[in-house]
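Student: whatever this is, show me its structure:
(one chain, ligands or ions: 1)
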Amino acid sequence: MAGEASSWLFSPPVYVAVASVVLAAMYKRAKSCPVDRRVVKKRSDGETEVSANDQYLAEWKDHLRAGTPAWYKGSSEYWNDQEDDFLDTVFQGEADLNEPDIEGSNLFLDELKKCTELTGELKYGYALDCGAGIGRVTKDVLLPRFKCVDLVEPCERLLEDAKSFVESDRVKNFWKRPCQMFEPEDLKYDLVWNQWVLQYLTDQHLVEWLVRCKNTLRPSGVLIVKENVADAHDFNEEDNSVTRTDEQYRKCFEDADMNVVFQMPQPNWPDDRTPLMMYALQGERCEETDDESESESDNSDNW
Ligand SMILES: C[S@@+](CC[C@H](N)C(=O)[O-])C[C@H]1O[C@@H](n2cnc3c(N)ncnc32)[C@H](O)[C@@H]1O
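Tutor: Presented below is the predicted three-dimensional model:
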């Protein structure tokens with residue numbers, strides 16, 4: 001009996017099943033962990049370890065600084081060529097993280113809404129979703145609150161998918177443009193949402209983009225930044241994205257003359273993931289006059 005059981009245990013179908021499970025787990029872990037590529041640099045005073053990311057970053061430094069098309073080609077090719085399910089790609093094989101991410105965003109906006117002392121009253125009029133992908137955030141965070149939403153996204157295929165995914169006539173515009181080339185109208189939006197998109201912009205383009213976001217906000221409007229924030233600056237050569245530190249983001253906010261009025265780390269986020277931070281930003285706060293609030297309610301019927 002024991003012999004029969006052990007021969008079943010070591011039979012080829014069982015080997016294949018066990019090997020598939022182990023390989024799938026290894027693949028998932030490899031995709032979800034930051035790659036720690038290290039190279040050894042010899043020095044006269046001994047051996048020093050240098051992160052390969054630093055090397056890639058050094059090689060790309062000039063492109064990054066100048067914001068050349070070569071730098072942006074990396075991310076546009078990555079998103080154009082993706083054939084996997086969008087959620088699987090965004091969450092690197094763990095699409096079930098969509099739920100805590102959406103819950104965290106909704107909680108953040110609920111808490112922000114209570115901070116009127118700091119921010120002025122947040123109005124749920126018109127929102128802009130930037131680097132929107134298929135409109136995941138628009139559908140489950142913005143449309144349940146805001147009267148109208150616009151999307152801006154450079155990848156044509158994703159923008160087309162967004163039209164059927166969000167399925168709402170309250171989405172007014174699907175702009176096909178990267179942020180570094182997008183100029184939203186002044187004083188148009190009550191909220192601008194940037195999630196996992198600022199990671200593609202060079203520092204200079206990021207600051208310029210933040211300034212344009214600041215100018216497109218209405219009085220008491222807010223800019224939301226939801227991005228991976230790590231202890232060390234990191235560079236992902238797979239899609240030409242950079243992970244910034246909290247300090248680096250704050251320096252860019254400061255350079256754009258924007259203040260963090262509220263912030264919260266993403267709750268219920270796995271420890272093996274890069275921490276995800278949510279910031280709400282405002283520029284110099286304009287006091288609303290009676291005339292402005294009147295013209296705003298006039299506009300709302302035209303969205
Ligand atoms: C990780 S996905 C995030 C999508 C969406 N924000 C979400 O949270 O579901 C990154 C998105 O940014 C877009 N993207 C890449 N580079 C961009 C750029 N320079 N300007 C605007 N969007 C960009 C990609 O096409 C892709 O849709």
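Student: just the strands in this protein please.
Tutor: For the chain, the strands defined by DSSP state E cover 38-43, 46-51, 126-130, 148-152, 171-175, 189-195, 217-228, 234-236, 241-243, 259-265, 276-282.
Student: how many other residues sit next to the nearest residue to residue 89 once chain neighbours are set aside?
Tutor: Nearest residue to residue 89, sequence neighbours excluded (Cβ to Cβ, 6 or more residues apart in numbering): residue 82, at 5.1 Å. Placement of C-beta: from N, CA and C, glycine included. The local packing of residue 82 (other Cβ atoms under 10 Å) involves 16 other residues.
Student: cool, the one 4 residues further on as well?
Tutor: One way to gauge burial is a neighbour count; for residue 86, by other Cβ under 10 Å, it gives 20.
Student: please name the nearest non-neighbouring residue to it.
Tutor: Excluding the flanking residues, the one nearest residue 86 by Cβ to Cβ, 6+ apart is residue 134, at 5.0 Å.
Student: that neighbour reaches residue 167, doesn't it?
Tutor: No. Using Cβ atoms under 8 Å, residue 134 makes no contact with residue 167, being 11.3 Å away.
Student: quick one, which of the two is more surrounded?
Tutor: Under the criterion of other Cβ under 10 Å, the comparison of residue 134 against residue 167 puts residue 134 first, with 23 against 11.
Student: if I look at that one, how far off is the ligand?
Tutor: Going from residue 134 to the ligand by Cβ to the nearest ligand atom, to the nearest Å gives 7 Å.
Student: residues of the stretch 151-300 of the chain that sit close to the ligand?
Tutor: By the rule Cβ under 6 Å from any ligand atom, the part of the stretch 151-300 of the chain lying against the ligand is 153, 154, 155, 158, 178, 179, 180, 195, 196, 197, 200, 201.
Student: show me those residues that map onto helices.
Tutor: Among those, the ones falling in helices (DSSP state H) are residue 158.
Student: only the buried subset of the residues of the stretch 151-300 of the chain next to the ligand, as a PyMOL command please.
Tutor: Buried subset of those, written as a PyMOL selection, criterion 16 or more other Cβ atoms under 10 Å:
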select buried, resi 153+154+155+158+178+179+180+195+196+197+200+201
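Student: could I get the residues of the stretch 151-300 of the chain next to the ligand in CSV, plus columns for distance to residue 230 and pLDDT?
Tutor: Supplementary listing: those in CSV, determined by distance: Cβ to Cβ, whole Å; pLDDT from 0 to 100:
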residue, distance to residue 230, pLDDT
153, 25, 98
154, 25, 98
155, 25, 97
158, 26, 97
178, 23, 98
179, 21, 98
180, 23, 96
195, 16, 98
196, 14, 98
197, 17, 98
200, 16, 97
201, 17, 96
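Student: what's near enough to touch residue 136?
Tutor: Contact analysis of residue 136 by Cβ atoms under 8 Å, 6 or more residues apart in numbering lists 86, 87, 90, 98, 102, 165.
Student: burial measure for the fifth one, as a count.
Tutor: Taking other Cβ under 10 Å as the criterion, the count of residues near residue 102 is 15.
Student: hmm, residue 142 and it touching each other?
Tutor: No. Look at residue 102 against residue 142 with Cβ under 8 Å: they stay out of range, at 10.9 Å.
Student: phi and psi next, for the residue of the stretch 201-303 of the chain found nearest the ligand.
Tutor: Taking Cβ to the nearest ligand atom as the measure, the point where the stretch 201-303 of the chain comes nearest the ligand is residue 201, at 5.9 Å. With angles defined as degrees, to the nearest 10, residue 201 sits at phi -90, psi 140.
Student: can you tell me how far it is from residue 246?
Tutor: 17 Å (Cβ to Cβ, to the nearest Å).
Student: just residue 104 next, same as before
Tutor: Note on residue 104: its distance to residue 246, by Cβ to Cβ, is 17 Å.
Student: per-residue pLDDT of residue 285, please?
Tutor: pLDDT recorded at residue 285 is 51.
Student: pLDDT below threshold where in the chain?
Tutor: For the chain, the stretches with pLDDT under 70 are 1-54, 56-57, 285-303.
Student: spatially central residue for it, please.
Tutor: A centroid search over the chain (Cα atoms, centre = their mean) returns residue 196, at 1.2 Å, as the residue closest to the centre.
Student: next, the contact list for that residue, please.
Tutor: Contact criterion Cβ under 8 Å, 6+ apart gives 90, 131, 226, 227, 228 as the residues in contact with residue 196.
Student: quick check, nearest of these to residue 280?
Tutor: The shortest approach to residue 280 among these belongs to residue 226, at 10.0 Å (Cβ to Cβ).
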